[in-house]
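Trainee: I would like to see how this sequence folds:
(chains A and B)
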2 protein chains.
Amino acid sequence: MPKISHRGEMMPPSPIRKLVPYAEQAKAKGITVYHLNIGQPDIVTPKLIMDAVKNTDIKILEYSHSAGFESYRQKLTEYYQRLNIHVTKDEIIVTTGGSEAIQFSMMACLDPNDEIIIPEPFYANYNGFAIASQIKIVPITSSIESNFKLPPISDFEKNITPKTKAILICNPNNPTGYLYSKEEMETLRDICLKHNLYLFSDEAYKEFCYDQPHISAMHLEGLENHVILMDTISKRYSACGGRIGALVTKNKEVLTAAMKFAQARLSPPTFAQIAGEAAVDLPLNYFDEVKAEYQKRRDVLIKRLNAIPGVICPNPGGAFYAIAKLPIDDADKFCQWLLESFSYKNQTIMMAPAAGFYATQGLGKQEVRFAYVLNVEDINHAMDCLEVALSQYQSIL
Amino acid sequence: MPKISHRGEMMPPSPIRKLVPYAEQAKAKGITVYHLNIGQPDIVTPKLIMDAVKNTDIKILEYSHSAGFESYRQKLTEYYQRLNIHVTKDEIIVTTGGSEAIQFSMMACLDPNDEIIIPEPFYANYNGFAIASQIKIVPITSSIESNFKLPPISDFEKNITPKTKAILICNPNNPTGYLYSKEEMETLRDICLKHNLYLFSDEAYKEFCYDQPHISAMHLEGLENHVILMDTISKRYSACGGRIGALVTKNKEVLTAAMKFAQARLSPPTFAQIAGEAAVDLPLNYFDEVKAEYQKRRDVLIKRLNAIPGVICPNPGGAFYAIAKLPIDDADKFCQWLLESFSYKNQTIMMAPAAGFYATQGLGKQEVRFAYVLNVEDINHAMDCLEVALSQYQSIL
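Mentor: Take a look at the predicted model:
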């Protein structure tokens, strides 16, 4: 029997999904599991965009343009315009989810063994895309003690080598929820200009900023040819299953190279492009309502967490994630124990152990990530469970 | 400004699409262009499957399982059962088009610099996937003079090195339309067993075999752990825009590795999975009608081509492609001339120059690929154009 590849072996399994079997066992025992482990929003997908798909009158479900329907790209320019991002339809490649935008950017800009600097903790799937692209992630640690703000510039500089081609940020951040300030974004601009690096900016959660406005990498003057915006409709419109994203850049060479990768896979999915195009016409207050809902949840979650003795959780400025430090030794074991051996009023909580979001071995062992994608009532129930669980767990140890 | 990657530069543009600007110019002059260059079927997508999408009642457009909906995978086992391919739902990973199945297979089974043997001419996008995966394609030439049958076993053996990990076939073939016989498939089995190689089998066109039955690589006894079937609904149901395919294998290690790449990109598109699931319930005579239509077109195309002085075109056994050798020096120039400088009754023909389907430099220069995706009347018009064009072109030279 032939062997699988080394990269196939090295590819990490999802840190979010690895506890799923334990959750299934808990459910089989009749226990309610509050899923705060995964960023699947519970917000209803707007009827307007589902109806757009239902009302299509397609005779032949043809390939679309490899860059996505021209009409959709044109429409997206309106959407970006409202965010003060000025691009033409030819500066947008519609991708199969934000995932593909990340993959195309890595392939088009980095060669095997080239290095990309990413502040950790970071979205765990970047590891998978880096292994697929055979590039090396160089982590720079942001810490819970400093609220996960951008690491100091000296940390970047000492990690830049001739192999460094790009810095990747996720803003607001998954998994920390941290929202980069204008000053931090300008620091990133300066580093990228000084060392001639790309700035890959994953802005999947840009609509969800609670206390200060979102500064897009596309807003940074003088950095136009360095920035690739990696975008998605997944969280924006609660349309994760559509699999539509976008790679947006002013750099013509990157567009040309990325288009060749796009042509190889023929086209992005047609139905969800129709949904995405309709979504641009949603009333402008759509996000106000969704944001208000997430903000309410955030406020409850953070307050409840910090009220538990020994728990520290910085207040996240955006997205719908938070990382908390718990008074435990090993979050992997604790999260498994919650599903395997614990229940309170026949309920338990599922969280994502944070170690999988760090590239540096040993970091994040006491931390967990929360996705506040449940309503306030359920978040409160989940926090009741966590509170009881922590006191029980500590007395066991 | 940072530079793009070497692989971004190396990535070949699509040989099918590079003449598009000339076709657009011809159309701007009011000339009708018969598109025989691209495999976009003109067959109407079955109403049953479009209705399945229109009748969905999805409240939240969530991520599906990374391997695809369980219900769809279960349904696909029925579809494969009818083709005498016996697999369970856990031996299927639903992919974003056949493209992603190819990509996952290459990534899961080959490391950078590993080699894959592919009979040429071959589907040009394999080049793109190989560059993305950093693997090396080793072509073995099949020639128009021998009707594009499988090259002799000695050609394989002399190209197998310690780096060779897989053989990739497309059956029936794009771009030649060649359908591999039972004997040829058994030859491939023997080579793969002897040298412990994977057999990647792209069977995108398996429903369209005209003169003899399709032998799937999954039918080869004793090769179960070596075979990866790379499948798609694109051509089967004229549903190219859906972007749904499948990776099917009995090899558990490959499934485990491929699943990690699948998890990194989260899930395949939801809407087209619904279409694909409904499609399994199409009446069994659906393919008879579609096949009869393609066969009629093939028969007209091949007869007309071989009636033109100096043109040679083997009769293809499957798919909807044919490669013909024309009495010209350079098909690239000729195809461009057809769009730029020629018309007959205000019409012209667009074909794909075949050199882009060969990896070996200099091969296929006199050849073109036809996709018979137009109705018989249009094929006849296109052949009228080609006939007149060839006589004019020869007198110009």
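
Trainee: leaving out sequence neighbours, find the closest residue to A:E157.
Mentor: Spatial nearest neighbour of A:E157, excluding adjacent residues (Cβ to Cβ, 6 or more residues apart in numbering or on different chains): A:I191 at 7.5 Å. Just so you know, the C-beta spots here come from the backbone N, C-alpha and C atoms, and that holds for glycine as well.

Trainee: can you show me the CA trace of the one helix or strand the one you found maps to as PDB?
Mentor: Taking DSSP states H and E as the criterion, A:I191 maps to helix A:182-195. The C-alpha coordinates for helix A:182-195 follow below in PDB (Å, rounded to 0.1, in the frame of the first residue of the first chain):
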ATOM      1  CA  LYS A 182      -5.200  53.100  14.100                       C
ATOM      2  CA  GLU A 183      -1.700  53.400  15.700                       C
ATOM      3  CA  GLU A 184      -1.200  49.700  15.500                       C
ATOM      4  CA  MET A 185      -2.200  49.600  11.900                       C
ATOM      5  CA  GLU A 186       0.200  52.400  11.100                       C
ATOM      6  CA  THR A 187       3.000  50.600  12.900                       C
ATOM      7  CA  LEU A 188       2.200  47.600  10.600                       C
ATOM      8  CA  ARG A 189       2.300  49.900   7.600                       C
ATOM      9  CA  ASP A 190       5.700  51.200   8.600                       C
ATOM     10  CA  ILE A 191       7.200  47.800   9.100                       C
ATOM     11  CA  CYS A 192       5.800  46.500   5.800                       C
ATOM     12  CA  LEU A 193       7.200  49.600   3.900                       C
ATOM     13  CA  LYS A 194      10.600  49.400   5.600                       C
ATOM     14  CA  HIS A 195      11.100  45.700   4.900                       C
END
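
Trainee: does chain B have contacts with the next helix or strand after it?
Mentor: Downstream of helix A:182-195, the first helix or strand assigned by DSSP H and E is strand A:198-202. Yes. Contact of strand A:198-202 with chain B (Cβ under 8 Å from any Cβ of the partner chain) involves A:Y198.

Trainee: return the set of buried residues in whatever helix or strand comes next after strand A:198-202.
Mentor: On the C-terminal side of strand A:198-202, the closest following helix or strand by DSSP H and E is strand A:227-232. Neighbour counts using 16 or more other Cβ atoms under 10 Å in any protein chain shown place A:V227, A:I228, A:L229, A:M230, A:D231, A:T232 of strand A:227-232 among the buried residues.

Trainee: these also near chain B: which ones?
Mentor: Within the buried residues of strand A:227-232, nothing lies near chain B by Cβ under 8 Å from any Cβ.

Trainee: quick check: the farthest pair among those residues?
Mentor: Farthest apart among the buried residues of strand A:227-232 by Cβ to Cβ are A:V227 and A:T232. That separation is 16.6 Å.

Trainee: picking that back up, verify the stated contact: the residue nearest to A:E157 with A:K158.
Mentor: No. Taking contacts as Cβ atoms under 8 Å, A:I191 lies outside contact range of A:K158: 11.9 Å.

Trainee: more neighbours, these two?
Mentor: A:I191 (17 against 10; other Cβ atoms under 10 Å in any protein chain shown).

Trainee: quick check: the more buried one vs A:I228, distance?
Mentor: Distance from A:I191 to A:I228, counting by Cβ to Cβ, to the nearest Å: 16 Å.

Trainee: check A:E24 too.
Mentor: According to Cβ to Cβ, A:E24 stands 38 Å off from A:I228.

Trainee: what do you get for A:I312?
Mentor: Distance from A:I312 to A:I228, by Cβ to Cβ: 34 Å.

Trainee: state the three-state secondary structure for the residue in the stretch 51-200 of chain A that chain B sits nearest to.
Mentor: With Cβ to the nearest Cβ as the measure, A:G128 is the residue of the stretch 51-200 of chain A nearest to chain B, at 3.0 Å. Under DSSP: H, G, I helix; E, B strand; the rest coil, A:G128 falls in the helix class.

Trainee: per-residue pLDDT, it?
Mentor: Reported pLDDT at A:G128 in the predicted model: 94.

Trainee: contact partners for it?
Mentor: A:M11, A:P12, B:K260, B:F261, B:Q263, B:A264, B:R265 (Cβ atoms under 8 Å, 6 or more residues apart in numbering or on different chains).

Trainee: just these: which has the poorest pLDDT?
Mentor: Ranked by pLDDT, the contacts of A:G128 bottom out at A:P12 (86).
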